[in-house]
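K.L.:
predicted structure and sequence below. I'll ask about it afterward.
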Amino acid sequence: MSNDSTPAELTVEAGIARVVLSRPDRRNAFDDGLVARLSEIFAGIAADPSVRVVLLEGRGPAFCAGADLGWMKSMATATAAENAASARRMADMFEAIATCRAAVVAKVHGAALGGGAGLVAAADVAVCADTAQIGFTEARLGILPAVISPYVIARIGPGAAKRWFVTASRMDAAEAHRIGLVHAVAAEADLDAAAQKMAFEVLQCGPEAVAGCKSLVDDVWSACALAGSMEDGFSAVKDYTSERIAAARVSAEGQEGLRAFLEKRKPRWAQ
């Protein structure tokens, strides 16, 4: 049965936060409670420097099947202002996940539909069961994948996003991997091991470097997109990227990493 008093659960051990969507009889579908709980969890993770990796997964037969039917029914009769406020809360939740200082690894099984597919795109790394089905299914309900669109377009590009948005069809794991929505596919029995392997790889990296890599990608992507051409984009970010690597080299973490390399040992953060 669903655990709506705790629609998502958090445990932290050895630098890894495990965030589990726990509304299994609702296929972990979104409602106000789940949105609020995920926002709360990721706000806490942002304030906890001991967390270096987040494993995001769903309990039961599905990762996340999108919006809860009862929630959608209530939104259909809500005012425009109420709908706008609800959508903004969800947008804030996705932003908290995407900008989390720790690396976020989505462990995807069963169905990941609508907002659930948005979670896949908002994560830094997505590992998918070979039996999973993923879809941006909003248009079949006469609505739009609006809140999740920035993360999907950044992940798979505008051409692929249009194809999957306007058909609202489901893709299998192989197609999701081909278009870059997920980064690895594993047999369902091996999914946890595959996700743990990704988490272990992150734990070999400097925590500040991981957070810096995330912001670097976002900043460079935004600057190049605004520049209008590849050549102008490269020019626009040249000073910024030079400053970022210079600052990293002289930081405490950068100095430790270089010393460890020269001394042929693991840096102090590596597990």
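P.N.:
That came in fine, so what should we check first?
K.L.:
got the contact list for the helix or strand bottoming out on mean pLDDT in the chain?
P.N.:
One helix or strand of the chain scores below all others by mean pLDDT, DSSP states H and E: helix 69-76, with a mean of 86. Under the criterion Cβ atoms under 8 Å, 6 or more residues apart in numbering, residues 29, 30, 31, 32, 82, 83, 86, 141 lie in contact with helix 69-76. Just so you know, the C-beta spots here come from the backbone N, C-alpha and C atoms, and that holds for glycine as well.
K.L.:
one more pass at 7 Å, please.
P.N.:
The contact list for helix 69-76 (Cβ atoms under 7 Å, 6 or more residues apart in numbering) reads 30, 31, 32, 83, 86.
K.L.:
tell me how far it lies from the chain's centre.
P.N.:
25 Å (Cα atoms, centre = their mean, to the nearest Å).
K.L.:
assign a three-state SS to residue 259, would you?
P.N.:
helix (DSSP: H, G, I helix; E, B strand; the rest coil).
K.L.:
tell me how far the residue nearest the centre of the chain lies from residue 43.
P.N.:
Centroid-nearest residue in the chain: residue 123, 1.4 Å away (criterion: Cα atoms, centre = their mean). Distance, residue 123 to residue 43, using Cβ to Cβ, to the nearest Å: 17 Å.
K.L.:
list the contacts of residue 259.
P.N.:
Applying Cβ under 7 Å, 6+ apart to residue 259 gives no contacts.
K.L.:
against residue 203, how distant is it?
P.N.:
Taking Cβ to Cβ, one finds residue 259 at 19 Å from residue 203.
K.L.:
measure how buried the residue nearest to residue 7 when sequence neighbours are not counted is and give me the count.
P.N.:
Nearest residue to residue 7, sequence neighbours excluded (Cβ to Cβ, 6 or more residues apart in numbering): residue 34, at 4.2 Å. Applying other Cβ atoms under 10 Å, we find 26 residues neighbouring residue 34.
K.L.:
how about residue 18, phi and psi?
P.N.:
phi -100, psi 120 (degrees, to the nearest 10).
K.L.:
thinking it is in contact with residue 58, fair?
P.N.:
No - assessed by Cβ atoms under 7 Å, residue 18 is found out of contact with residue 58, at 11.7 Å.
K.L.:
now the strands for the stretch 101-250 of the chain?
P.N.:
103-108, 111-113, 125-129, 133-135, 170-172, 184-186 (DSSP state E, counting those that start in this stretch).
K.L.:
residue 248: which of the ones you listed is closest?
P.N.:
Among those, the nearest to residue 248 by Cβ to Cβ is strand 103-108 (16.9 Å).
K.L.:
wait, residue 270 sits on residue 202?
P.N.:
No - taking Cβ under 7 Å as the definition, residue 270 is not a contact partner of residue 202, at 10.7 Å.
K.L.:
neighbour count winner among these two?
P.N.:
residue 202 (21 against 12).
K.L.:
next up, the contacts around the more buried one.
P.N.:
Residue 202 neighbours (Cβ under 7 Å, 6+ apart): 52, 53, 103, 210.
K.L.:
tell me the two of the residues you listed that are most distant?
P.N.:
53 and 210 (8.5 Å).
K.L.:
more crowded one of these two?
P.N.:
With neighbours defined as other Cβ under 10 Å, residue 53 and residue 210 compare such that residue 53 has more, 26 against 18.
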